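>>> coordinates only, sequence not included:
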Ligand code: CMP
């Protein structure tokens, strides 16, 4: 099934000039970039995006990180894009992520883990509305 998913190339990656390296991983795996923008996220948008983590002890750190410098917001389209992009990204903790996943290659830590991707169709719809209106 052709799906669309939302990806963030997070501030730690943009700061280290990794946008191109990360886009190559998606494009060479057949995912199409449908929309893309470089923006500095507002606190309001970051809090909405991570609403499910509101009660977590790391929530304020997460919002500070996401808003500290620009990030890239992408819509990717492809066959089973939601699960395929999650596989390309790897696991939340870069130290435990399989070899050659984006987080294993570039992630710094459990919080500064370089990329985000929607985890379901419902999240993809919700996150697209937050970032693209
Ligand atoms: P992401 O896939 O964007 O979804 C939630 C984010 O919260 C996750 O990537 C990490 O950036 C961050 N995160 C998850 N668990 C922790 C944790 N234990 N400590 C700090 N940050 C975390």
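Ah, there it is. On a predicted model such as this, the values are computed, not experimentally measured, just so you know. Residues are numbered from 1 along each chain as shown.

>>> longest helix anywhere in this structure?
helix 121-132 (DSSP state H).

>>> so what's the spatially most distant residue from the centre of the chain up against?
Going by Cα atoms, centre = their mean, the residue of the chain most distant from its centre is residue 1, 21.3 Å out. Neighbouring residues of residue 1 by Cβ atoms under 8 Å, 6 or more residues apart in numbering: 79-80. (C-beta placed from N, C-alpha, C; glycine too.)

>>> and the residue nearest the centre of the chain, which of the three is it?
Taking Cα atoms, centre = their mean as the criterion, residue 116 is the residue nearest the geometric centre of the chain, at 2.0 Å. Classification of residue 116 by DSSP: H, G, I helix; E, B strand; the rest coil places it in strand.

>>> so it makes contact with residue 12?
No. At 11.5 Å, residue 116 does not count as touching residue 12 under the criterion of Cβ atoms under 8 Å.

>>> could you list the residues in contact with the longest helix of the chain?
Residues outside helix 121-132 that contact it (Cβ under 8 Å, 6+ apart): 3-6, 35, 45, 48-49, 73, 75, 82, 118.

>>> let's see 10 Å
For helix 121-132, the external contacting residues (Cβ atoms under 10 Å, 6 or more residues apart in numbering) are 1, 3-8, 35, 37, 39, 41, 44-46, 48-49, 51-52, 71, 73-76, 81-82, 85, 116-120.

>>> residues of that helix that come out buried?
Residues of helix 121-132 classed as buried: 123-124, 126-128, 130-131 (neighbour count, 16 or more other Cβ atoms under 10 Å).

>>> helices or strands up against the helix or strand residue 22 falls within?
Element membership for residue 22, per DSSP states H and E: helix 19-28. For helix 19-28, the packing partners by 3 or more Cβ pairs under 10 Å, 6 or more residues apart in numbering; DSSP states H and E come out as strand 2-9, helix 11-15, strand 32-39, strand 71-79, helix 81-89, helix 102-106, strand 115-117.
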